[in-house]
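> need a 3D model of the following:
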Amino acid sequence: MADAPPRPVFTPTLYYRDPIAAIRWLEQAFGFELEALVTDAQGKLGHSQMSYRGAVIAVHGEFSSPELLGPAEMKSPASLAHGASQFVRVAVEGDVDAHCARARAAGARITQEPINEFYGERIYRALDPEGHVWVFTQPIAEVSFAEMEKATGLKFSTSLEEAGA
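Numbers count the residues shown, from 1 in each chain. This next block holds a predicted model:
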């Protein structure tokens, strides 16, 4: 297994109607790199692993298997009337504005232009061609919980007990 990619602790897995097209697009638009690709004799994707700055995602085709998933089905947002149950947050290397321009040029739908946030990051939000939500971030300042509380009126803590939850 010397040539196999590393096994990360978590691997967010995104499901696409056309996973091969998604892999190509993620490379072009967001700068992801393909680490592993498994296909069957007909060229259908079985598994893929992509990385960005050492972090990993998997890209798969839509999947339904009652014996493995029960009634659940793994679907692209495009197959769910463009619903989504999560987003992928990615800390970019370098300038988030340049990353946004690259994504836009590749056809990403920018749903929030780059903006400085109270918690010390510059971010933008984008949708890929099948409707997955992506948030790209760049650190711009170190901000304490006290500073965030003052800016927002919200309580920030590191425990449920401290938060009174």
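
> can you give me the helices in the protein?
For the chain, helices defined by DSSP state H occupy the ranges 19-30, 66-69, 96-105, 145-152, 160-163.

> so which of the ones you listed gets nearest W134?
helix 19-30 (7.1 Å; C-beta to C-beta). No exception for glycine: its C-beta is placed from N, CA and C like everyone else's.

> on that earlier part again, can you add distance to Q86 and give the helices of the chain back as JSON lines?
Listed next are the helices of the chain as JSON lines, based on distance: least, C-beta to C-beta, whole Å:
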{"stretch": "helix 19-30", "distance to Q86": "16"}
{"stretch": "helix 66-69", "distance to Q86": "17"}
{"stretch": "helix 96-105", "distance to Q86": "19"}
{"stretch": "helix 145-152", "distance to Q86": "23"}
{"stretch": "helix 160-163", "distance to Q86": "22"}
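
> need those helices in JSON lines (columns: distance to H132, mean neighbour count and mean pLDDT).
Below are these laid out as JSON lines (distance: least, C-beta to C-beta, whole Å; neighbours: other C-beta atoms under 10 Å; pLDDT from 0 to 100):
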{"stretch": "helix 19-30", "distance to H132": "9", "mean neighbour count": "18", "mean pLDDT": "97"}
{"stretch": "helix 66-69", "distance to H132": "19", "mean neighbour count": "8", "mean pLDDT": "77"}
{"stretch": "helix 96-105", "distance to H132": "12", "mean neighbour count": "17", "mean pLDDT": "98"}
{"stretch": "helix 145-152", "distance to H132": "28", "mean neighbour count": "13", "mean pLDDT": "94"}
{"stretch": "helix 160-163", "distance to H132": "30", "mean neighbour count": "9", "mean pLDDT": "86"}
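
> for T39, find the nearest of the ones you listed.
When those are compared (using C-beta to C-beta), the closest one is helix 19-30, at 8.7 Å.

> which other helices and strands contact that closest one?
strand 33-39, strand 45-52, strand 55-61, helix 96-105 (3 or more C-beta pairs under 8 Å, 6 or more residues apart in numbering; DSSP states H and E).

> gap between the residue lying farthest from the centre of the chain and K155?
The C-alpha centroid of the chain is most remote from G164, which lies 30.9 Å away (C-alpha atoms, centre = their mean). Counting by C-beta to C-beta, to the nearest Å, the gap from G164 to K155 is 8 Å.

> next, A41: phi, psi?
Main-chain dihedrals, A41, degrees, to the nearest 10: phi -60, psi -20.

> in the protein, what helix or strand scores lowest on average pLDDT?
helix 66-69 (a mean of 77; mean pLDDT, DSSP states H and E).
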